[in-house]
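J.: here are the coordinates; sequence isn't available:
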């Protein structure tokens, strides 16, 4: 399992090895690792500039109201 972490605290790296068997490709090996991102990792300003508009639009959408619940919802089983 490979997870990017919360708030970009990790970068997921996946290595997948494929092998052609007949006319189909099969996964023969797969590995995933989380690479921690801390203050020793410099931000890529070019990537920041490239993705800023998408980020801003996404934040605006996520912060918008898409509906309202008419009743109460029990959240005790929401993460099962």
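T.: Thanks, I have the structure now. Every value quoted in this text rests on a predicted model; they were computed, and no experiment measured them.

J.: pretty sure residue 77 is in a strand, no?
T.: No. Using DSSP: H, G, I helix; E, B strand; the rest coil, the assignment for residue 77 is coil, not a strand.

J.: got the phi/psi numbers for it?
T.: Dihedral angles of residue 77 (phi, psi; degrees, to the nearest 10) stand at phi -110, psi 20.

J.: and what of residue 33?
T.: The phi/psi pair for residue 33 (degrees, to the nearest 10) is phi -150, psi 150.

J.: Any idea how many residues pack against it?
T.: 11 (other Cβ atoms under 10 Å). Placement of C-beta: from N, CA and C, glycine included.

J.: Not counting residues beside it along the chain, what's closest to it?
T.: residue 13 (5.2 Å; Cβ to Cβ, 6 or more residues apart in numbering).

J.: And that neighbour, which helix or strand is it part of?
T.: Assigned by DSSP states H and E, residue 13 belongs to strand 10-21.

J.: ok, residue 41 - how many residues close by?
T.: 10.

J.: show me the residues around it that make contact.
T.: Contact partners of residue 41, counting by Cβ atoms under 8 Å, 6 or more residues apart in numbering, are absent.

J.: Surely it is within a helix?
T.: No. Counting by three-state DSSP, residue 41 is not found in a helix; it is coil.

J.: Do me a favour and get the backbone dihedrals for it.
T.: Per degrees, to the nearest 10, the backbone of residue 41 is at phi -90, psi 120.

J.: Perfect, that will be all.
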